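*Asks:* following is a predicted model, sequence given first.
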Amino acid sequence: FSTLRVGVMQDSYKGLKSYEARYAQLKDFLEGDDLDVMVCKYTSMIGRRRKIDGKGKERVSQEIRQFAKILKPHAADVILVLDECQKIKTVGAQSRNLIQHIQPGIGRVWALTATAIKNGLEEFYSIASAIGIKPFGSMWDFRRNFCLCKEIFIGKGKTREVIEGYRNVAEFKAGMRPFF
């Protein structure tokens, strides 16, 4: 019988505050042997995208890049468990950017949710692709091969493509089965 030693990432640590405290906790966790598990919230790690002069906001925050840099040398020894992974489904969302930047090279990535299938195959594939599982290529390739779409009018002369249903579902299930 063994006991897991669990730490929860805090906003202050060893006299540090905010992101500096979180960086230090992650480094100590990865380089030390006091803890077996570190629990972190998505929102504690995504940071804020800064404005780039005349170009809008940066695509990925400096905090996300720093967390990825800290994890990189230890990635093969890490098991990343993502609870409520439906939070990473939206392409371009900062929580998704966080996962896509820290997951490359990580030994194992587990995504936990109770709602992905219920909400549709596109959401399920979006979550899978965020953690590096892409047996059907990009999200665009997935939509082209598995989604039945139609254009709807959204106003001011603009339209948007929406999913009406799915096709090739048996192929989708067979392609995803090895990962789940």
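*Replies:* Arrived safely.
*Asks:* quick one, helices of the protein?
*Replies:* Remark: helices assigned in the chain by DSSP state H are 18-31, 42-45, 62-71, 94-102, 121-130, 139-146, 169-176.
*Asks:* list the buried residues of the last one.
*Replies:* Taking 16 or more other C-beta atoms under 10 Å as the basis for neighbour counts, the residues of helix 169-176 that come out buried are 172, 175-176. Backbone N, C-alpha and C define where each C-beta goes, glycine included.
*Asks:* quick revisit: mind telling me which of the helices of the chain the model trusts least?
*Replies:* The minimum mean pLDDT among the helices of the chain belongs to helix 42-45 (a mean of 83).
*Asks:* buried stuff in it?
*Replies:* 42, 44-45.
*Asks:* in contact with Phe136, which residues?
*Replies:* Residues near Phe136 by C-beta atoms under 8 Å, 6 or more residues apart in numbering: 125, 142, 145-146, 172, 175.
*Asks:* mind listing what His101 touches?
*Replies:* Applying C-beta under 8 Å, 6+ apart to His101 gives the contacts 60, 64-65, 67-68.
*Asks:* how about 10 Å then?
*Replies:* 60-61, 64-65, 67-69, 71-72 (C-beta atoms under 10 Å, 6 or more residues apart in numbering).
*Asks:* switch the buried residues of helix 42-45 over to TSV; also include distance to Val6.
*Replies:* As requested, the buried residues of helix 42-45 are exported to TSV (distance: C-beta to C-beta, whole Å):
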residue	distance to Val6
Tyr42	18
Ser44	16
Met45	17
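*Asks:* out of those residues, flag the one nearest to Thr3.
*Replies:* Taking C-beta to C-beta as the measure, Thr3 sits nearest to Ser44 out of the buried residues of helix 42-45, at 25.0 Å.
*Asks:* in this structure the closest one contacts Tyr23, no?
*Replies:* No: using C-beta atoms under 10 Å, Ser44 makes no contact with Tyr23, being 11.1 Å away.
*Asks:* got any residues that touch both of those two?
*Replies:* Common neighbours of Ser44 and Tyr23 (C-beta under 10 Å, 6+ apart) are 63, 67.
*Asks:* re earlier: could you identify the most distant pair in the contacts of His101?
*Replies:* Spatial extent of these (C-beta to C-beta) is set by the pair Ser61 and Lys72 at 16.8 Å.
*Asks:* neighbour count winner among the two?
*Replies:* A count of neighbours by other C-beta atoms under 10 Å puts Ser61 above the other of Ser61 and Lys72, at 21 against 14.
*Asks:* quick one: the more buried one and Lys51 touch, right?
*Replies:* No: between Ser61 and Lys51 there is no contact under C-beta under 10 Å: 11.7 Å.
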